[in-house]
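J.: No sequence on hand, only this structure:
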């Protein structure tokens, strides 16, 4: 689960709030229990998300109201989506419809993706640029390349990128609470790739490492930028025996809804006893 921006405060707002602190668990109940520990009020933090009064472990067991469930099955920039990833999302949507929720295709006023991606990259690269590393010659080529690119960006360009991404995300957040309560998408556009495959082409261009990873983050990265809470649930297993996730995104600060919907889907499409098939 990627919690709302400001939900689990860190010492500073890392990467303009694109990242959040959390853990990977096997059950929604474990995620709720961890959130009860991590979600503390830090009066010294610049951004603090409002916390619901009951413990998350209690909220997770409550049935949500009838929700307006929007869905998006096509990748934002026209990237092909693996049929197994679409199947995972459709299975989740069918389960939510059977639970009484209203399911409709979501409509977004999508921002200019060229500007959005360019701004994202400028901000993301700074994560490599300022990291306190003693020997930059010892780190992986991709991180070194991102740092080098970031050091070529002046402060005004960085400030402009921050402003553009903040403005662009408003159109993405607007339908939440107005037209839909939650959004369902595939978690990734591809099935889990082979170990090390993200390195293909990096001997020629280190930036290929980032491009190779993009099909894994095309549905999720935009919600890193918006700061909306999101959760990935392994509701499906592909014909190849691989776990395939579905992403559920909620309105600002409605982490409780994600836990409740996650519990419903965990019951309807259980995964706790499922394991990936072993290769021959």
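T.: Sure thing, it's come through. Everything quoted here is computed from the prediction, not taken from an experiment.
J.: okay, and for the chain, where does confidence drop off?
T.: Scanning the chain with the threshold set as pLDDT under 70 gives 128, 277-280.
J.: In contact with the most centrally placed residue in it, which residues?
T.: Nearest to the geometric centre of the chain sits residue 220, at 3.7 Å (C-alpha atoms, centre = their mean). For residue 220, the contact set (C-beta atoms under 8 Å, 6 or more residues apart in numbering) comprises 2, 187-188, 230, 232, 247. For glycine as for every other residue, the C-beta is placed from the backbone atoms N, C-alpha and C.
J.: buried subset of the residues you listed?
T.: Buried members of the contacts of residue 220, scored by 16 or more other C-beta atoms under 10 Å, are 2, 187-188, 230, 232, 247.
J.: Now the two most distant members of those.
T.: Farthest pair in the buried ones among the contacts of residue 220 (C-beta to C-beta) is 2 and 188. Separation: 14.0 Å.
J.: residue boundaries of the strands in this protein?
T.: Along the chain, counting by DSSP state E, strands occupy 68-71, 102-105, 182-186, 230-237, 243-250.
J.: Just the buried positions in the fourth one, please.
T.: Spelled out, that is strand 230-237. Buried residues in strand 230-237, counting neighbours by 16+ other C-beta under 10 Å, are found at 230-237.
J.: which one among those gets closest to residue 211?
T.: Of all the buried residues of strand 230-237, residue 211 sits closest to residue 232, with 21.8 Å by C-beta to C-beta.
J.: For residue 200, give its distance to residue 74.
T.: Look at residue 200 and residue 74: by C-beta to C-beta, to the nearest Å, they are 25 Å apart.
J.: before we move on, what about residue 81?
T.: Using C-beta to C-beta, we find residue 81 at a distance of 7 Å from residue 74.
J.: More neighbours: which of those two?
T.: Comparing residue 81 with residue 74 by other C-beta atoms under 10 Å, the one with more neighbours is residue 81, at 20 against 15.
J.: Please give me every residue in contact with the more buried one.
T.: Counting by C-beta under 8 Å, 6+ apart, residue 81 touches 73-75, 186, 189.
J.: Who wins on neighbours among those?
T.: Going by other C-beta under 10 Å, residue 186 tops the contacts of residue 81 with 30 neighbours.
J.: Look through the chain and tell me its longest helix.
T.: Ordering each helix of the chain by length in residues (DSSP state H) puts helix 155-173 first.
J.: Tell me the buried residues in stretch 264-280?
T.: 264-266, 269, 271.
J.: no no, stretch 88-97
T.: For stretch 88-97, using 16+ other C-beta under 10 Å, the buried residues are 88-93, 95-96.
J.: could I get those as a markdown table with distance to residue 173?
T.: Conversion of the buried residues of stretch 88-97 to a markdown table gives the following (distance: C-beta to C-beta, whole Å):
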| residue | distance to residue 173 |
| --- | --- |
| 88 | 25 |
| 89 | 21 |
| 90 | 25 |
| 91 | 27 |
| 92 | 22 |
| 93 | 22 |
| 95 | 26 |
| 96 | 21 |
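J.: Against which helices or strands is the longest helix of the chain packed?
T.: On a contact count with 3 or more C-beta pairs under 8 Å, 6 or more residues apart in numbering; DSSP states H and E, helix 155-173 meets helix 113-129, helix 221-226.
J.: Excluding its own residues, what touches it? List them.
T.: Applying C-beta under 8 Å, 6+ apart, the contact partners of helix 155-173 are 16, 108-112, 115-116, 118-120, 122-123, 126, 222, 225-228, 252.
J.: likewise stretch 91-111?
T.: Residues contacting stretch 91-111 (C-beta under 8 Å, 6+ apart): 66-72, 76, 168-169, 171-172, 174-175, 179-180, 183-184, 233, 235-236, 246, 248, 261, 264-265, 268-269.
J.: Let me see the contact set for the residue nearest to residue 126 when sequence neighbours are not counted.
T.: Nearest in space to residue 126, with sequence neighbours left out and distances taken as C-beta to C-beta, 6 or more residues apart in numbering, is residue 150 at 5.1 Å. Applying C-beta under 8 Å, 6+ apart, we find residue 150 in contact with 122, 125-126, 128-129.
J.: Neighbour-wise, give me the winner out of these.
T.: residue 125 (23 neighbours).
J.: quick one: contacts for it?
T.: 146-147, 149-150, 153.
J.: separation between the residue nearest to it when sequence neighbours are not counted and residue 122?
T.: Sequence neighbours aside, residue 150 is the residue nearest to residue 125 in space, at 3.8 Å (criterion: C-beta to C-beta, 6+ apart). Using C-beta to C-beta, we find residue 150 at a distance of 8 Å from residue 122.
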